[in-house]
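[1] Please find the sequence and the predicted model below.
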Amino acid sequence: MQVNQPRQYAISDMLEAEIKALQSIPQTNDYERAIGIILEYIHEGRGRLITSGMGKAGQIALNIATTFSSTGTPAYFVHPSEAQHGDLGMVCPGDVLLIISNSGKTREVFELVELARQMIPDIPTILITGKVDSPLASMVDVCLSTGNPPEICPLGLTPTTSTTVMTVLGDLLVVSVMQRIGFGHHEYALRHHGGYLGAKSREEARNSK
């Protein structure tokens, strides 16, 4: 019986695959609608952005939440499993869900959306996924496709290129919202009191006066 051997990647192969994955992110995604929802519900309606995901996707969702929070958009991460044990109480009317699931059928994330809508039936929901024809994609208001790049893991399983493109899609939303709300050095300095970024933002704020 012949056993399939894991594929071996050279560093150059991995770099090429990651670059190709980024280039495959669809420019036709409805970014404007996603940005519009965040502006309407959070910056006009005073809601919060709730991010969520399981596993590696959850780690990306946490990073997106902290980046949004540090750039003027109140956001926090809710673990989909912990949500079923009381953390769902953090979700309030006026909030926006931003969920990440590469497969678009992650059970815990699917259940989070269902449970959130039992409390707040009209809660707007944005999905970042590799599967635009998935069960989760059919439930949300805006579906942002990653382009579903193949993983560069030798087994074809470990999240690698998929998490790269998830992160970039988060960056696209963060930077777009920053630009729309006119988030500047002074506002940045108010949120960054320590370290190099804090010192740099205060310096830039002083120089811009």
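    The structure has been received and is ready for your questions. Residues are numbered from 1 along each chain as shown.
[2] what about this protein, any weak spots by pLDDT?
    Where the chain drops to pLDDT under 70, the residues are 1-4.
[3] how about a cut-off of 80?
    1-6, 208-209 (pLDDT under 80).
[4] biggest helix in it by residues?
    Assignment by DSSP state H gives helix 161-181 as the longest helix of the chain.
[5] Against which helices or strands is that one packed?
    Judged by 3 or more C-beta pairs under 8 Å, 6 or more residues apart in numbering; DSSP states H and E, helix 161-181 is in contact with helix 11-23, helix 31-38, helix 55-70, strand 125-129. Every residue, glycine included, has its C-beta placed from N, CA and C.
[6] what do you get if the cut-off is 7 Å, keeping everything else the same?
    helix 11-23, helix 31-38, helix 55-70 (3 or more C-beta pairs under 7 Å, 6 or more residues apart in numbering; DSSP states H and E).
[7] same for the helix or strand where Ser81 lies, what does it pack against?
    According to DSSP states H and E, Ser81 maps onto helix 80-83. Judged by 3+ C-beta pairs under 7 Å, 6+ apart, the packing partners of helix 80-83 are helix 107-119.
[8] Neighbours of Ala189, how many?
    19 (other C-beta atoms under 10 Å).
[9] do Thr167 as well
    If we define neighbours as other C-beta under 10 Å, then Thr167 has 18 of them.
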